[in-house]
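Peer 1: Sequence and predicted structure below; questions after.
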Amino acid sequence: MRKLAALASLALGFAVLEGWVVAEGDAPVRARDLGIPFDFGAPGRWNAITDVPGVEVGHVTLIEGDSLRTGVTVVLPRGKGDDARNPCFGGAFSLNGNGEMTGLAWLEESGLVDGPVAITNTNAVGVVRDALIQHAARRWPPKGDDYGWTVWSLPVVAETWDGDLNDIYGGHVKAAHLDQAIEAAASGPVAEGGVGGGTGMICYEWKGGIGTASRILDARAGGYTVGVLVQANHGLRHQLRIAGLAVGREIRDGLVRTQDAGSIIIVVATDAPLLPHQAKRLARRAALGLARTGSVAGNGSGDLFVAFSTANARAGDAEGLVPLTMLPNDRMGALFEATVGATEEAIVNALVAGRTMKGRGGHTVLGLPHEKVQEILAAHGLSSSPAKKRP
C-alpha cells in the first residue's frame, strides 16, 4: 500500500519512511540554526513565504519502496478561503529556459496570477495542470450560459527533474494528490527539504528540494513583507557558496553529476502594492539571490521564476473601473534587496533541510554535512552555533 504523507506547512516531525529516515518529533534544522549569516534585513515570524499575509503552502510527499520519491507542492497566493478565486498581479522571468512553467503566455499578457502556483516533477506537469482546472470547476461550478468563464484559467505549474532518485516515468503523481496538497495548505512554518515537489530533488549535488525564507522591510521602506519559496534541483558541487564561502570546493564527498542538468523554480510573494511590470522586476532579482549561492544557470538548468503581489484585491475584476494602488518605482530598492536575500536563504535552507536519500536504482544522494559547514564558517571567522543532531 502506498505510503502517502500529506504534509501541511506546520509539519515538524514525520514518520519513518523507506528511503528517508526522519526521527519522530525531531525539530527541523534551518540555516540560521547553524550560525550561517545572511544579508538584507530581518526575516518574518516564520522566515517563510507564508509570512506574507494570506499566503498558504501545502505539500503531498510520495515515498514508497526503493524507487518512488516525488510529490507536489502548492503555493496559494490568497489562501484557500473565500478570496482564493481573486487573481493577483504578477510577473515571471526565465533565467534559463530548459524547463517548464505553464500559463506564462497569459501571465505575460494579462499580468495576473490566477489561482495556485503548483510545483512537481517534470513528467507530472500535465496531470497537475489538469487537476488544477478540475479543482476550480468543482469549487466554482459553471453557471448557466456563463459556462467556462466562471472557472476559466491557465494554471501556473512548474517542474524540476527528479529522475535520479524517482521512478519519474511511473506516473505516480495523480490528480488526487493536487487536491490533497491544496487541502493541506496552511499558513505558518513550511516543511522544507525532501517534501512535496522537492522530495527527489538534488541541489549542488547534495540532497535539495523545498526551501523558503522571508524579509520584513523597515517601516521607513513601508514595512512590507517579501517571501520566497524555491524547489532547488540545480548546480554542481564546486559552484556552491554559503555566506560567500566556497563550501562546495571544500567538501567533495558523494558527487553525483558531471554537468549541470538540474533546475530551480522560485516563487516570490509580497504584500507591497505592485503592478505587473513591477512584479516582473522582483522575479528578475531572484536570479541575483540564486547567483549568491554560486549558480551560473547552466545550459541544462531550467531556472524559472514567478512573483506576485497580494495587494490590489480587485485586480481581476471584470466590471467597471478598478481602483489600484502602486508603489513608486523609486521606492522598490528595499524590495529588491529583500528578494535577493530571501532567495539566497531559501536555497540554503533547502540544502540544510536535505537528508540523505536512497532511491531509484540504489542511487544515494547525501545530505549537507552540518558540522563540516560549521567548521568552514568558524575557520573563516564567521559565527557558528552548535548543530542540532540529525538522525
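Peer 2: Received, thanks.
Peer 1: what stretches of the protein score poorly on pLDDT?
Peer 2: 1-26, 146-150, 383-391 (pLDDT under 70).
Peer 1: For the helix ranked longest in it, buried residues please.
Peer 2: Using DSSP state H, we find that the single longest helix of the chain is helix 333-353. Under the neighbour-count criterion of 16 or more other CB atoms under 10 Å, helix 333-353 has 334-353 buried. The C-beta positions use only the backbone N, C-alpha and C, and glycine is treated the same way.
Peer 1: just stretch 55-75 next, same as before
Peer 2: For stretch 55-75, using 16+ other CB under 10 Å, the buried residues are 55-64, 67-75.
Peer 1: CA atoms only: put that stretch into PDB for me.
Peer 2: The C-alpha trace of stretch 55-75 is given here as PDB (Å, rounded to 0.1, in the frame of the first residue of the first chain):
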ATOM      1  CA  VAL A  55      -0.300  33.100   1.500                       C
ATOM      2  CA  GLU A  56      -0.600  29.300   2.300                       C
ATOM      3  CA  VAL A  57       1.700  26.400   1.300                       C
ATOM      4  CA  GLY A  58       0.800  22.700   1.100                       C
ATOM      5  CA  HIS A  59       2.700  19.500   0.300                       C
ATOM      6  CA  VAL A  60       2.000  16.000  -0.600                       C
ATOM      7  CA  THR A  61       5.000  13.700  -0.400                       C
ATOM      8  CA  LEU A  62       5.100  10.300  -2.100                       C
ATOM      9  CA  ILE A  63       7.700   7.800  -0.800                       C
ATOM     10  CA  GLU A  64       7.300   4.000  -1.400                       C
ATOM     11  CA  GLY A  65       9.600   1.100  -1.900                       C
ATOM     12  CA  ASP A  66      13.000   1.800  -3.400                       C
ATOM     13  CA  SER A  67      12.100   4.000  -6.400                       C
ATOM     14  CA  LEU A  68       9.100   6.300  -5.600                       C
ATOM     15  CA  ARG A  69      10.400   9.700  -4.400                       C
ATOM     16  CA  THR A  70       8.200  12.500  -5.600                       C
ATOM     17  CA  GLY A  71       5.200  14.700  -4.800                       C
ATOM     18  CA  VAL A  72       3.600  18.100  -5.300                       C
ATOM     19  CA  THR A  73       3.800  21.500  -3.600                       C
ATOM     20  CA  VAL A  74       1.300  24.300  -3.900                       C
ATOM     21  CA  VAL A  75       1.500  28.000  -3.100                       C
END
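Peer 1: quick one on the thing from earlier: now, the buried residues of stretch 55-75 that are in strands?
Peer 2: Assigned to strands by DSSP state E, the following of the buried residues of stretch 55-75 qualify: 56-64, 68-75.
Peer 1: Do a quick rundown of the helices in the stretch 51-200 of the chain.
Peer 2: Taking DSSP state H, counting those that start in this stretch, the helices of the stretch 51-200 of the chain run over residues 104-110, 125-139, 175-184.
Peer 1: Just the angle for the longest one relative to strand 68-76, thanks.
Peer 2: Comparing the axes of helix 125-139 and strand 68-76 via axes from the mean of the first three to the mean of the last three CA atoms, to 10 degrees yields an angle of 40 degrees.
Peer 1: buried set for helix 125-139?
Peer 2: 125, 127, 128, 129, 131, 132, 133, 135, 136.
Peer 1: outside of the very next helix or strand once past the longest helix of the chain, which residues touch it?
Peer 2: Using DSSP states H and E, the next helix or strand after helix 333-353 towards the C-terminus is strand 357-358. Contacting residues not belonging to strand 357-358 are listed as 19, 20, 66, 69, 165, 194, 200, 207, 364, 365, 367 [CB atoms under 8 Å, 6 or more residues apart in numbering].
Peer 1: among the residues you listed, who's most crowded?
Peer 2: Most neighbours among these, by other CB atoms under 10 Å: residue 200, with 35 neighbours.
Peer 1: Quick one: residues contacting the residue lying closest to that one once chain neighbours are set aside.
Peer 2: Among residues not flanking residue 200 along the chain, residue 162 sits closest, at 3.2 Å (CB to CB, 6 or more residues apart in numbering). By CB under 8 Å, 6+ apart, residue 162 lies in contact with 69, 70, 121, 122, 168, 199, 200, 201, 233.
Peer 1: Next: residue 363.
Peer 2: Counted by CB under 8 Å, 6+ apart, residue 363 has contacts 164, 165, 256.
Peer 1: got JSON lines for those, with distance to residue 276 too?
Peer 2: JSON lines is the format used below for these (distance: CB to CB, whole Å):
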{"residue": "164", "distance to residue 276": "36"}
{"residue": "165", "distance to residue 276": "37"}
{"residue": "256", "distance to residue 276": "39"}
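Peer 1: Tell me the one of the residues you listed nearest residue 116?
Peer 2: For the contacts of residue 363, the minimum distance to residue 116 (CB to CB) is 25.2 Å, reached by residue 165.
Peer 1: quick one: contacts for the closest one?
Peer 2: For residue 165, the contact set (CB under 8 Å, 6+ apart) comprises 69, 200, 202, 357, 358, 359, 360, 363, 365.
Peer 1: Mind doing that once more with 10 Å?
Peer 2: Residues in contact with residue 165 (CB atoms under 10 Å, 6 or more residues apart in numbering) are 19-20, 67-70, 194, 199-202, 207, 256, 357-361, 363-365.
Peer 1: Please apply the same query to residue 155.
Peer 2: Per CB under 10 Å, 6+ apart, neighbours of residue 155: 102-103, 106, 113-118, 125, 128-133, 135-136, 178.
Peer 1: Leaving out sequence neighbours, find the closest residue to it.
Peer 2: Closest to residue 155 by CB to CB, 6+ apart is residue 132, at 4.0 Å.
Peer 1: Would you check how far apart residue 38 and residue 263 are?
Peer 2: Distance of residue 38 to residue 263, computed by CB to CB, to the nearest Å: 23 Å.
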